[in-house]
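Colleague: Fold the following, please.
(4 chains)
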Amino acid sequence: METLIGLLVAAPLLGAGILLTGGRRLDRTGHLIGTLLALVSFAFAVVLFADMLGKDTAQRTLTSHLWTWVPVEGFQAQVGFQLDQLSMTFVLLITGVGSLIHIYSIGYMAHDERRRRFFGYLNLFLAAMLLLVLADNYFLLYAGWEGVGLASYLLIGFWQHKPSAATAAKKAFIVNRVGDIGLSIGIMLMFTTFGSFAFADVFPKVAQASGTQHATVTGIGFMLLLAACGKSAQVPLQSWLGDAMEGPTPVSALIHAATMVTAGVYLITRSSAIFNAAPDAQTAVVTVGAVTLLFGAIVGCAKDDIKKALAGSTMSQIGYMIMAAGLGPIGYVFAIMHLVTHGFFKAGLFLGAGSVMHGMNDEVDMRRYGALRSYMPITFVTFGLGYLAIIGFPGLSGFFSKDKIIEAAFAKGGGEGWILGSAALLGAAITAFYMTRVMIMTFFGEKRWQPDAEGHEPHPHESPATMTVPMIVLAFGSVFAGGLFSINSAFVKWLEPVTGHSEGNSPVSTATVTAGTMVVLVVGVALAWAMYGRRPVPAVAPRGSLLTRAARRDLLQDDFNHVVLVRGGEHLTRSLVYLDHSLVDGVVNGTAASVGGLSGRLRRVQNGYVRSYAVSMLGGTALVVAATLLMRAV
Amino acid sequence: MMSLAASASQTSTGEAVQFWVLGTVAVLGALGTVLMKKAVHSALSLAGTMIVLAVFYLAQGAYFLGVVQIVVYTGAIMMLFLFVVMLVGITAADSLKETLKGQRWWAAICGIGFGVLLIAGIANASLHTFTGTGAANSAQGGNVPGLARLLFTTYVWAFELTGALLITAAIGAMVLTHRERTEERRTQRELAEARVREGTQVTPLPAPGTYARHNAVDIPGLLPDGTISEASVSSTLRERGQIRDVSRDALRRLAELDQRSEEWLERRGVAGASRWEPGRRKGLPGAGSGDDPADPADPAEHAADHAEEGAK
Amino acid sequence: MNPVNYLYLSALLFTIGAAGVLIRRNAIVVFMCVELMLNACNLAFVTFSRLHGNLDGQIIAFFTMVVAAAEVVVGLAIIVSIYRTRHSASVDDANLMKL
Amino acid sequence: MSFPLLTTTAVVPAAGAIITAAVPAARRTTAKYTALLFSLATLVLAAVAMIRFDPSGPRYQLTETHTWVKNFGLHYDLGVDGIAVTLITLTALLIPFVMLAGWHDPDPLETADNRRWRPTQGFFALILLVEAMVVIAFEATDVFLFYIFFEAMLIPMYFLIGGFGDRAHAAGEDEGARQRSYAAVKFLLYNLVGGLIMLAAVIGLYAATAKQLGTGTFSLQEILNARAAGRLHLATSTERWLFLGFFFAFAVKAPLWPLHTWLPNAMGESTAPVAVLITAVVDKVGTFAMLRYCLQLFPEASKWATPTILVLSVISIIYGALLAVGQRDIKRLIAFASVSHFGFIILGIFAMTSQGQSGATLYMVNHGISTAALMLVAGFLITRRGSRLIADFGGVQKVAPVLAGTFLIGGLATLSLPGLAPFVSEFLVLVGTFSRYPAFGIVATLGIVLAALYVLVLYQRTMTGPVKAGIEGMSDLKVRELVVVAPLIALLLFLGVYPKPVTDIVNPSVRHTLSDVHKTDPTPALEAKK
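Modeller: Numbering: from 1, shown residues only, chains lettered A, B, ... in the order given. Presented below is the predicted three-dimensional model:
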């Protein structure tokens, strides 16, 4: 079984290797190889899952040590895997949703001449993500972490001929790198404090921390939070997510639903021992989560680009998860549960959006959609189910997971609990609003189709089976996953050994919370219906309020980045280039010039007359004699 | 003078006198070398100094060197100098006027400073006693055997090297002064053809010295019209301006001869007078040499010459 | 009289010779001055030989003479060949070493 | 007397240089293959040395000792520790690739006027000569012997930069020639000044040993033994001065801010293979010498100077990266990236922890390979377009995807992506620094973001976007070029996931070095209880 863990990662990695080095001769079969290997990986995951289910709770953790990666005195980095319930959940999600997205991409990318490469990148992404969740130490996790960053860079920038795509890819990578600083400093802190960065070494020792080491642990927590912010697009490092929509839609689904953005949640949950020991860091985590869930929701309300609206939604939902993870043992399980359900419905939504775009000549502006429900029924139904799930319609997945998070937020207790709970409720209302908006603008109302730049009228049609089947599967997940998990608190029991769980004392009862969410849900939906359903949607966006305009521009965060970081950076580098030339180099060249000037003057002494040289010889000799005499005299 | 004490502080009075007298001569010779205007004089002054130095060598017991100094230096090297002076030109006196800016000042400062320092250094060294060469000379039975022993034992390697150096210098001097013939020697035929082609004088050059009262080489021959022929004297003499132009004198005397002949024949010739009138002729080169003071007019000789000519 | 006086004389001659090198322009005379300097040195060597009572000084003087002879031969040859090409024996005319 | 393996390793390329230079003018291809053959032979010898090196054996192995000039304490002493043998192998490994990449570089010079100096023969002979000198500099365990070759390698490098420079100059041939000669002279002057100061220090060291030991010596072993036995003790101020003299030369060569300005010029003006030679091979001698000479000979002074050096190296890291971002010329960009990387190496050396120093050594190797990969691909790119301005490129990946892909991998290695070799070393350096000097560690970490910035900006501007004019017909990598790039990339991947072969050899040497400076790693606050 242990070897299977390695193979789990190796299969997609092998696929990436084959596809990226195979050359043109694999163009015809490349996508099949990629999909097959993703499925193989999923099969391994299922086998491992079955094996795990068959074991006692205490013996479920599997470890597998492959080789010593970096053997340096004091610093022994291992390549080793650890498969426990938490990893297992992720592995199933990643390989499962990942495989579906592979299948979907066969249809979606059918006409792209570089499809083989696309599948190579997808495989690479899977491999990196699996590495991330399976690593048994932070160093290897970091490798997966960055590998995911690379794969997302390649996938977002897949259509490199579009400058916007290339820029978005670069931005994603660099913002992620800022987060990576956090992870690497976190690892360094662990190394200097605990002498190791393996989960098995670090977590037990966190409890032994005393005195100033508490501060260090808190520092580690903050650093891990920074890392999570980068990868999970949390404020203040969220700016890359919207731009990342430049990538092909399956990429958006893969990155935003199942995998990459959830890595931050994984990291925090995995490091629960550290966060539990660092309440200040936890406070920071919930703050970031709460702010982001509102931030993302507001941004999602204002976007007309369907994918960007969904991206805002993702940001917001991840905010929920981060917040839940920050709540400590009362929230970890629900963070992961929401993560899984979100993986289903958000992937479904993105794939649905992709399907819509596929039928609409790659149009992304929702103001040019409308009335599509009859043209693409399967897409409509699956998208609609995802929609219901995300807004937390009773009985569907989102309902179970999101409610729990809101409950847990209240259960945090004190004023903090009230603030977080209210924020979560408000977020739920806004979610209902913007998702309804997306739904109405896309599938209801009248046609607002317009020909594309080359004058082709759109002919909306249902997508091929390779695309619809994954959507249907995901829709099933969206509908039933939450319910299944909640039966008999199955999910809580499943994860509890890893993350720990406590119920907490909620000042409001479960029923009250549920009622509250229902109310905000209805309010949100009604508001959206009032604004977009009852009157026609203008083809050109109205100017809107100040908040709307700010939200369209990602609440001005990009502008801030542009002015402060990009411009500032440009000025800094330019002046440094100038300084390097004029000052650092100038000093040297100035010395050279003055030496040159001096020698220019000195060379007049070299007049070519032998006698003149003879004088200097004699003078020199006289000096030597004088010096000798002086030395003797002294 | 020959029997010096093993360790003494004073030389004999004779040597002292000799030193002061000859030392003065040596310094004067040295100054002469530097200050004499003509290279030959410098060379002679230097030779004098060297002879004095030879005497000093002898006085100090370095008999072999004393002799060698005279033979090699004064005899060979100085003669070499004189030969070169002769080759380069004895008249090429160079002026003592300084052309380099500040050279003389710097030379004076450095020279005097250096000299003072040297003398101070010597004075500073406490050399009150001396051993003398007597013992060293007699150890091997004389100065020359002593030197020979050293030369062929301790210094044999240096000696061999100087031998190599000398032979190299000799070859080097030959190489330096040897003029490489860069092209095939041209035959007489080629030379003649070239002369015809270039349009230079084909016929033999006119002979000098038509005015045969003098050493004829430096006197250009006269053309039929009485002007001089430049080509008839060596170009070296021409460039040095050592031509003695006698054309005007010759014309004057010819006119006189005519006059006298007419007087003698007592008849008048109309054409002759106008034919030999110097005033009507275009500028004659070397106009001033007609009244050459080095050409004393001896009427008797003149008369005799002209008589002969007239007889022809 | 102390033989040290020979050394003073030697120093004086050397200085005069050096001054001559510096102020004369005729290459031949310059050369003579160099010879004068060499001779001055030889005098010093011979005197040292006397002061120390061994013959090594004389040997060195002897070598000096040999070297001087070689030097004169080559030097004069150079002067002659320079004179042939430049029609001048002035050291100031040979100033191609100027930058 | 065993077989003199180290001497042979240096002699073979030297002999190769002579033989290559002697190949008749008309037989250019023969000259190329001769040079390649000799470089491969050297590689084999270096590999043998690496295999025969026993990590658990004594510190210096395969030693050869001969007295050279007895009166001056000069020895022909060779010996390698793990660091040296690794770097020798790196050098020997890179040279064949450099040659293959520069296979046609001297061809344009083969005009009728240039026949006399036979550019092709010269180019390859000079490369072999550099190799020989670098190898012997790594092998030398006599300070003066090292110094001689440390300086001597400037001469062939000067000709390689000045004589075989980059023809792809925007400002025209004349301006190009001017810039080239400026770069070559700058390279020479900087390094000569550094070398002169070092020479003074070398002589000073000799004088110090002569004074205290009676007989002066340049032998590293003798000096260290004498010091260990307490017979040699340098006064504090003497030791500091000598240290500064040595360090200055190495800092110029390495190069450390603010002595770096020769590198962008030299790398920008020379052809890509020569640029690789500069940064991946020759400059390594500087950092290597810091480890071997600065730390071993002057441990106390090294500790005294550590804070200053750390500040300078951190400045190098950030400054180099920022300037790389601001460059408009591909090769200058890579040069500034190298400045940044050398900052990391020096940081690792002077952090005085085993992670830092192992990391720094590994970094030297990895930086050599990664920069070679990036620079050589950049060279192929520049040769194709005839320009090295970033602005002249765009959309290359559309027409030459393999070229773009290899370029990206080289770039990713440069920005230390996990899975590629430089990541391991960079992280080790950072961890090693952090455990002793957390502030420096954190500031240096910023370098990794900037690295991502300059690499990705470069990639974006040259490779992505619409295909620019002048790029349309660009051909993809040829077989020869793939042969150059593919092994380098394979090596990057291999060392990225399995650096053990190198670290195993390096670790014991680092342990020795650390014990020289009497430093031990800081212990974690909560040490694992075993």
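Colleague: Number of residues surrounding the nearest residue to residue A:105 once chain neighbours are set aside?
Modeller: Closest residue to residue A:105 apart from its sequence neighbours, by Cβ to Cβ, 6 or more residues apart in numbering or on different chains: residue A:250 at 4.4 Å. C-beta coordinates here come from the backbone N, C-alpha and C atoms, glycine included. Using other Cβ atoms under 10 Å in any protein chain shown, residue A:250 is surrounded by 28 other residues.
Colleague: which residues touch residue A:250?
Modeller: A:101, A:104-105, A:108-109, A:122, A:350-351, A:354 (Cβ atoms under 8 Å, 6 or more residues apart in numbering or on different chains).
Colleague: Residue D:177 now?
Modeller: For residue D:177, the contacting residues are residue D:165, by Cβ under 8 Å, 6+ apart.
Colleague: So for the longest helix along chain D, mean pLDDT?
Modeller: Assignment by DSSP state H gives helix D:172-213 as the longest helix of chain D. Helix D:172-213 shows a mean pLDDT of 86.
Colleague: In terms of secondary structure, what does the one helix or strand residue A:520 maps to contact?
Modeller: Here residue A:520, judged by DSSP states H and E, is contained in helix A:510-528. Applying 3 or more Cβ pairs under 8 Å, 6 or more residues apart in numbering or on different chains; DSSP states H and E, we find helix A:510-528 packed against helix A:377-391, helix A:397-411, helix A:414-443.
Colleague: Okay, buried residues for the second one please.
Modeller: The reference is to helix A:397-411. A:397-411 (16 or more other Cβ atoms under 10 Å in any protein chain shown).
Colleague: how many neighbours does residue 335 have?
Modeller: You didn't pick a chain, so chain A it is. The local packing of residue A:335 (other Cβ under 10 Å) involves 29 other residues.
Colleague: try again with chain D
Modeller: The number of residues near residue D:335, taken as other Cβ under 10 Å, comes to 28.
Colleague: so which helix or strand takes in it?
Modeller: Going by DSSP H and E, residue D:335 is in helix D:330-350.
Colleague: Whatever helix or strand comes next after that helix and chain A in contact?
Modeller: Once the chain leaves helix D:330-350, the next helix or strand it forms, by DSSP H and E, is helix D:354-385. Yes - counting by Cβ under 8 Å from any Cβ of the partner chain, chain A is contacted by helix D:354-385 at D:354-355, D:358-359.
Colleague: could you give the angle of the helix holding residue D:335 to helix D:354-385?
Modeller: Angle, helix D:330-350 to helix D:354-385, by axes from the mean of the first three to the mean of the last three Cα atoms, to 10 degrees: 170 degrees.
Colleague: Tell me the helices and strands packed up against helix D:330-350.
Modeller: Secondary elements touching helix D:330-350 (3+ Cβ pairs under 8 Å, 6+ apart): helix D:262-269, helix D:272-276, helix D:283-289, helix D:299-325, helix D:354-385, helix D:401-414, helix D:421-436, helix D:438-463.
Colleague: Residue D:227 is nearest to which of the ones you listed?
Modeller: In terms of Cβ to Cβ, the element of the helices and strands packed on helix D:330-350 nearest to residue D:227 is helix D:299-325, at 9.0 Å.
Colleague: Between helix D:438-463 and the closest one, find me the angle.
Modeller: Per the same axes, to 10 degrees, the angle that helix D:299-325 makes with helix D:438-463 is 30 degrees.
Colleague: Packing partners of helix D:299-325?
Modeller: If you count contacts as 3+ Cβ pairs under 8 Å, 6+ apart, helix D:299-325 packs onto helix A:568-579, helix D:236-253, helix D:330-350, helix D:438-463.
Colleague: Output those helices in CSV; the columns should cover distance to residue B:194.
Modeller: What follows is the helices and strands packed on helix D:299-325, written out as CSV (distance: least, Cβ to Cβ, whole Å):
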stretch, distance to residue B:194
helix A:568-579, 72
helix D:236-253, 67
helix D:330-350, 64
helix D:438-463, 72
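Colleague: so where does the residue nearest to residue A:105 fall, helix or strand?
Modeller: Judged by DSSP H and E, residue A:250 forms part of helix A:249-253.
Colleague: Is there proximity between the helix or strand that that helix is followed by and chain D?
Modeller: Downstream of helix A:249-253, the next assigned helix or strand under DSSP H and E is helix A:263-270. No - in terms of Cβ under 8 Å from any Cβ, no part of helix A:263-270 sits within range of chain D; the closest distance is 14.1 Å.
Colleague: pLDDT on stretch B:21-37, on average?
Modeller: 92.
Colleague: CA atoms of it as CSV?
Modeller: What follows is stretch B:21-37 as a C-alpha-only set of coordinates in CSV (Å, rounded to 0.1, in the frame of the first residue of the first chain):
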residue,chain,number,x,y,z
VAL,B,21,99.4,67.0,-9.5
LEU,B,22,98.0,64.3,-11.7
GLY,B,23,94.6,64.4,-10.0
THR,B,24,94.3,68.0,-11.1
VAL,B,25,95.2,67.0,-14.6
ALA,B,26,92.6,64.3,-14.6
VAL,B,27,89.9,66.7,-13.4
LEU,B,28,90.9,69.2,-16.0
GLY,B,29,90.8,66.5,-18.7
ALA,B,30,87.4,65.4,-17.6
LEU,B,31,86.1,69.0,-17.7
GLY,B,32,87.7,69.4,-21.1
THR,B,33,85.9,66.3,-22.3
VAL,B,34,82.6,67.8,-21.2
LEU,B,35,83.2,71.4,-22.2
MET,B,36,85.3,71.3,-25.4
LYS,B,37,83.3,72.3,-28.4
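Colleague: would you list the helices and strands packed on helix D:330-350 in a markdown table and tack on mean pLDDT and mean neighbour count?
Modeller: As requested, these are exported to a markdown table (pLDDT from 0 to 100; neighbours: other Cβ atoms under 10 Å in any protein chain shown):
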| stretch | mean pLDDT | mean neighbour count |
| --- | --- | --- |
| helix D:262-269 | 88 | 28 |
| helix D:272-276 | 90 | 29 |
| helix D:283-289 | 91 | 26 |
| helix D:299-325 | 90 | 21 |
| helix D:354-385 | 90 | 28 |
| helix D:401-414 | 90 | 24 |
| helix D:421-436 | 90 | 28 |
| helix D:438-463 | 89 | 23 |
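Colleague: need those helices in TSV with distance to residue B:47, can you?
Modeller: Putting the helices and strands packed on helix D:330-350 into TSV (distance: least, Cβ to Cβ, whole Å) gives the following:
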stretch	distance to residue B:47
helix D:262-269	62
helix D:272-276	66
helix D:283-289	64
helix D:299-325	67
helix D:354-385	74
helix D:401-414	82
helix D:421-436	82
helix D:438-463	82
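Colleague: And the pLDDT for residue 155?
Modeller: All of this refers to chain A. Looking at residue A:155, its pLDDT is 88.
Colleague: My question was about chain B, not that one.
Modeller: On the pLDDT scale, residue B:155 gets 91.
Colleague: Next up, phi/psi of residue A:66, please.
Modeller: The phi and psi values for residue A:66, taken as degrees, to the nearest 10, are phi -100, psi -60.
Colleague: Hmm, it is touching residue A:77, no?
Modeller: No - judged on Cβ atoms under 8 Å, residue A:66 makes no contact with residue A:77 at a distance of 11.8 Å.
Colleague: Comparing the two, which shows the higher neighbour count?
Modeller: residue A:77 (26 against 16).
Colleague: Now do the helix or strand where the more buried one lies against helix D:421-436, angle only.
Modeller: Using DSSP H and E, residue A:77 sits within strand A:75-83. Interaxial angle of strand A:75-83 relative to helix D:421-436 (the same axes, to 10 degrees): 110 degrees.
Colleague: could you say what helices and strands strand A:75-83 packs with?
Modeller: Secondary elements touching strand A:75-83 (3+ Cβ pairs under 8 Å, 6+ apart): helix A:2-21, strand A:62-72, helix A:115-134, helix A:138-156, helix D:421-436.
Colleague: at 6 Å instead, please
Modeller: Strand A:75-83 sits against strand A:62-72, with contacts defined as 3 or more Cβ pairs under 6 Å, 6 or more residues apart in numbering or on different chains; DSSP states H and E.
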